[in-house]
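> Dropping the sequence and predicted coords here.
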Amino acid sequence: MKKSSDSWKSKGHYLKDGTEWKGNQHAYNGKVMTGKTHTASSKNLYHFMDLNATAKNKILSKSKTTKNK
C-alpha cells in the first residue's frame with residue numbers, strides 16, 4: 001500500500017499543554033508542526049497518546065464537562 005505524502009494530516013493534534021490545534025499544520029523534519037509553512041514560531045504538535053498525563057487530563061476533563069452540558 002502506497003503511503004500518502006499527506007499521511008501526517010489527521011484530526012486530533014494537540015499542543016504540548018493539551019490544547020487542541022485546529023489551525024494549519026505542516027510536516028517538518030519528520031514532525032507535525034503548527035502553521036501552513038515552517039517559521040521560527042512553529043510549535044510541535046502531538047497525538048493524544050504522545051502527551052504527558054497532565055495534558056491528557058486537561059483534555060479528558062474538558063470532554064467530560066462538554067458531555068455534561
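Structure received. Because the structure is a prediction, the values reported are computed rather than measured.
> nearest spatial neighbour of residue 58, skipping sequence neighbours?
residue 18 (3.8 Å; Cβ to Cβ, 6 or more residues apart in numbering). Where you see a C-beta, it was placed from the backbone N, CA and C, and this is true even at glycine.
> residues contacting the closest residue to residue 37 other than its chain neighbours?
Using Cβ to Cβ, 6+ apart and skipping the chain neighbours, the partner closest in space to residue 37 is residue 26 (5.9 Å). The contact partners of residue 26, by Cβ atoms under 8 Å, 6 or more residues apart in numbering, come to 32, 33, 35, 36, 37, 38, 42.
> separation between residue 26 and residue 19?
Separation of residue 26 from residue 19 (Cβ to Cβ, to the nearest Å): 18 Å.
> what does the host helix or strand of residue 54 contact?
Secondary structure assignment for residue 54, by DSSP states H and E: helix 53-67. With contacts defined as Cβ under 8 Å, 6+ apart, helix 53-67 is touched by 14, 16, 17, 18, 19, 20, 48, 51.
> if you set the cut-off to 7 Å instead, what comes out?
14, 16, 17, 18, 48 (Cβ atoms under 7 Å, 6 or more residues apart in numbering).
> Can you tell me which of the residues you listed end up in strands?
Residues from these lying in strands, with DSSP state E as the criterion: residue 14.
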